[in-house]
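Student: sequence and predicted structure, then a few things I'm wondering about:
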There are 2 protein chains.
Amino acid sequence: MTSKTVAQLLKADFKSQDIDIKGWVRTFRANRFIALNDGSSLQNIQCVVDFENTDEKTLKRITTGAAVHIKGELIESQGKGQSVEIKVNKIIILGDSDPETYPIQPKKHSFEFLRENAHLRTRTNTFSAVMRLRSTLSFAIHKYFNDNGFYYMHTPIITGSDAEGAGEMFRVTGLDPKNPPLTETGAVNYKEDFFGKETNLTVSGQLEAESYAMSLGKVYTFGPTFRAENSNTSRHLAEFWMIEPEVAFMDLAGNMDLAEDFLKSVLSYILEHNREDLEFLEQRLLDEEKTKPQAERSEMSLIDKLKFVVDNNFKRVSYTEAIDILKNSKPNKKKQFNYIIEEWGADLQSEHERFLVEKHFKCPVILFDYPANIKAFYMRLNEDGKTVRAMDILFPGIGEMVGGSQREERLEVLKEKMKALEIDEEELWWYLDLRKYGTAVHSGFGLGFERLVMFVTGMGNIRDVIPFPRTPHNADF
Amino acid sequence: MTSKTVAQLLKADFKSQDIDIKGWVRTFRANRFIALNDGSSLQNIQCVVDFENTDEKTLKRITTGAAVHIKGELIESQGKGQSVEIKVNKIIILGDSDPETYPIQPKKHSFEFLRENAHLRTRTNTFSAVMRLRSTLSFAIHKYFNDNGFYYMHTPIITGSDAEGAGEMFRVTGLDPKNPPLTETGAVNYKEDFFGKETNLTVSGQLEAESYAMSLGKVYTFGPTFRAENSNTSRHLAEFWMIEPEVAFMDLAGNMDLAEDFLKSVLSYILEHNREDLEFLEQRLLDEEKTKPQAERSEMSLIDKLKFVVDNNFKRVSYTEAIDILKNSKPNKKKQFNYIIEEWGADLQSEHERFLVEKHFKCPVILFDYPANIKAFYMRLNEDGKTVRAMDILFPGIGEMVGGSQREERLEVLKEKMKALEIDEEELWWYLDLRKYGTAVHSGFGLGFERLVMFVTGMGNIRDVIPFPRTPHNADF
């Protein structure tokens, strides 16, 4: 379809042959050396222009960002830093890039500036590396599940249910925004809306995934989810992607095995396939951290952190044990935590999770059997009547990476729980059906994809790991 | 994690060994033979119960839909129709299924009825086969692009732009539905909405994909898209999934090559990996068509139709040639078409597309170079000034499968087109930037995923190829 890519040429072991390549100029120095990139790899290929035999006008148009078509020969490089280079015989300017106005100059730009130019930011090394890694991670995830007999399912984005309660929802509507139709009692009449009822953007595909697990056995979702929460932080997006596997006949222990195997597998895949991008981002992170006080720097480099997860067994610790550890910990006793752990039942904060992973256990940690009243209605109640078979997986630097549970499979127990929380049975009639007809133990978990991309790329702001972030007061592009 | 699956046992060449399996009862006949399914394959495994040594109470609970745990031995089958079966030593009922109320009885249910029970319909052979094929197709698509150097990107679902004009949009809002804040002039004040402006659900990720293609080279999207059109037909969904590759430096001919290679590749993958499900659905379709008058039956079986696409070169025909063929065709002269083709410029209907594919060329057809005024603003204007470099790929039975184009890469031409169509330049400033800085020829196409699943499964209603369909007045589950 296209001529050869930069990635192909850099790997080529042939020399001195005619080649034809198109790409964008990253830099042009000494009226002679073009660093050409086409997105196929982090590395540029050096193209050497014979400036004495190239007309002045063309030379002037070889500027950062310009699209060019180069014909020439692939030869052994004369200079340092690359093994091959292109001796340019002919250069055609496809699209100019005015150096006076082009936003992406060959210098360091702030991430804030690049967010405002999100349509151009993948023309930088950092963002092209991040987005390549994001793509490979996506593929690794699909491959893992496919290789292990899971079926991919697309759960609905528009939902008529607000029962899951994972967070505030966005309304989806076709009604007149100013003068909506009203009922006799003066409420908005959603019967006249497109779907004949009030609808929202989904916060999770889990409940629907359960219905498929209870027939197809092993399924997973990988789709967008939404939160209408006014959180303007470096860790929140209004629109993000989530992965949710769900498996019939699997209990909480099986769920932990699955999640650990899954995470190790996709991280190994990345280590194997994207070494160049990882090394670049590792160096970027090191440089960034040099500007910070020692105490805020990571103890591990980016790649070490990935290996740390791949090579260590995840430590499995009950919530109750974790509370004991935290209560007796130095930062708790010295009141260094922002939230002091005083008793069983407390909800853990990121600072506690990171203490457990980074200081106490020094390995990824799976916390399980949480107090029922801080977890969702669908989680399997333990025999003690006060804890549920929930699990959270905690990672260094980032805290919670995965949240999952064994699901309540007993109809009567589930109904009681819903009653206590005032969740309408009629709303979830179909979810209850799964417990009426052929119910069985089943489990699953959710993984925020952008969290994983942050972990893998070392990027500190979630807005920098998704192409066009949606946050309060921002839906640009 | 779990014990062996039915698929594993059916493929096992070992015999007479202890096994442990969980699944759902499909049927139980003669108080002796359980057909057990766990979703891992279309086929059930036969489990033979020693009813003389099983207590009456347990036997009564072995009903269609019940979840059971079976321990026994895998042995060579004594009966016909299967090579192995399980001699049951122990059966534990995990979850009952009351035969009086269980909706999925072992008989034929109408698709309408099953749509109302979409949470249970994958417990039937037809829908489990459809959804397994849907999953394999998804994977084949990701694999194709990954193998060919494309990057997967997630384009935004919530969009602040309504410029693409592919159809009516759903509004996404957090404003008070009854009393929204108003501006001084009395309009709804979207500045106070979550994103600080009016936002909608996306109709396409193409424009954003273009921005990534113009830096990463080859990208594709695979995500949900939306149409707020009140079309209650068997071919329309309000929420559906779309695949949109976009490639820099690729012209329309390259786009055709890519689309043809892509379609052949994913269909070959399906033929190779899902033979059992395909054969089942082929038989289902044959049975269904027996009830129809001869003239409405397909000329090809399901698998033949897939092979027809894989084995034939797609015929490339210009719109102008196609109009000539249609004008002179029998059904046009005899006024058998609902829309008679009278002159150049007419928009083609499904009946014309199917005539070209099924009667005239007898192979998949790529139509190209359409009149500019029936196509979108971003398509590359030809030198003739009246046609654009658009292409549609037409398939037997289904009509349009793919729509694509080379994009207008010339800033001035694009601006003029937008002006004529009253598309605000400020709205698409970033899209214009792609033509300002390093512009180049680029192309891509869109494929409605559900269309492809319909083609592969032979299902006649689009609501039956997506887990939980969203249509006017329906957002159940």
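Tutor: Yep, that arrived.
Student: from here on, just use CA atoms for contacts and neighbour counts.
Tutor: Will do.
Student: all the helices of chain A, in order from the start?
Tutor: Secondary structure of chain A by DSSP state H: the helices cover A:6-11, A:56-61, A:111-116, A:125-147, A:206-216, A:252-273, A:275-290, A:302-311, A:319-327, A:330-333, A:350-354, A:411-420, A:429-436, A:449-457.
Student: so does the first one get close to chain B?
Tutor: No - Helix A:6-11 lies apart from chain B when judged by CA under 8 Å from any CA of the partner chain; the minimum separation is 9.8 Å.
Student: show me what that helix is in contact with.
Tutor: A:21, A:36-38, A:40-41, A:43-45, A:74, A:83-84 (CA atoms under 8 Å, 6 or more residues apart in numbering or on different chains).
Student: what's the per-residue pLDDT of residue A:81 here?
Tutor: pLDDT, residue A:81: 75.
Student: number of nearby residues for it?
Tutor: 8 (other CA atoms under 10 Å in any protein chain shown).
Student: what residue in the stretch 201-350 of chain A comes nearest to chain B?
Tutor: When scored by CA to the nearest CA, the stretch 201-350 of chain A has residue A:216 as its residue closest to chain B, at 3.7 Å.
Student: residue A:281 contacts residue A:127, doesn't it?
Tutor: No - in this structure, residue A:281 is not within contact of residue A:127 by CA atoms under 8 Å, at 9.6 Å.
Student: about what we covered before: what sits against the nearest residue to the residue of the stretch 201-350 of chain A closest to chain B once chain neighbours are set aside?
Tutor: Excluding its sequence neighbours, the residue lying closest to residue A:216 (CA to CA, 6 or more residues apart in numbering or on different chains) is residue B:39, at 3.7 Å. Listed by CA under 8 Å, 6+ apart, the contact set of residue B:39 reads A:215-218, B:128.
Student: go with 6 Å
Tutor: Shown in contact with residue B:39 (CA atoms under 6 Å, 6 or more residues apart in numbering or on different chains): A:215-217.
Student: ok, back up a step: please identify which of the helices of chain A is closest to residue B:309.
Tutor: Closest to residue B:309 of these, according to CA to CA: helix A:125-147, at 25.3 Å.
Student: and the angle from the closest one to helix A:252-273?
Tutor: Angle, helix A:125-147 to helix A:252-273, by axes from the mean of the first three to the mean of the last three CA atoms, to 10 degrees: 130 degrees.
Student: now helix A:125-147, how far from the centre of its chain.
Tutor: Remark: helix A:125-147 is offset 9 Å from the chain centroid, using CA atoms, centre = their mean, to the nearest Å.
Student: re earlier: pipe the contacts of residue B:39 into TSV and attach pLDDT per row.
Tutor: Shown next, in TSV, are the contacts of residue B:39 (pLDDT from 0 to 100):
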residue	pLDDT
A:215	98
A:216	98
A:217	98
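Student: how about stretch A:141-155: buried residues?
Tutor: Buried residues in stretch A:141-155, defined by neighbour count with 16 or more other CA atoms under 10 Å in any protein chain shown: A:141-146, A:150-155.
Student: off-centre distance for that stretch?
Tutor: The chain centroid and the centroid of stretch A:141-155 are separated by 17 Å under CA atoms, centre = their mean.
Student: same check, this time on stretch A:466-477
Tutor: For stretch A:466-477, the distance to the chain centre is 15 Å (CA atoms, centre = their mean).
Student: please work out the average pLDDT along it.
Tutor: 96.
Student: distance between the ends of it?
Tutor: 13 Å (CA to CA, to the nearest Å).
Student: brilliant, that's me finished.
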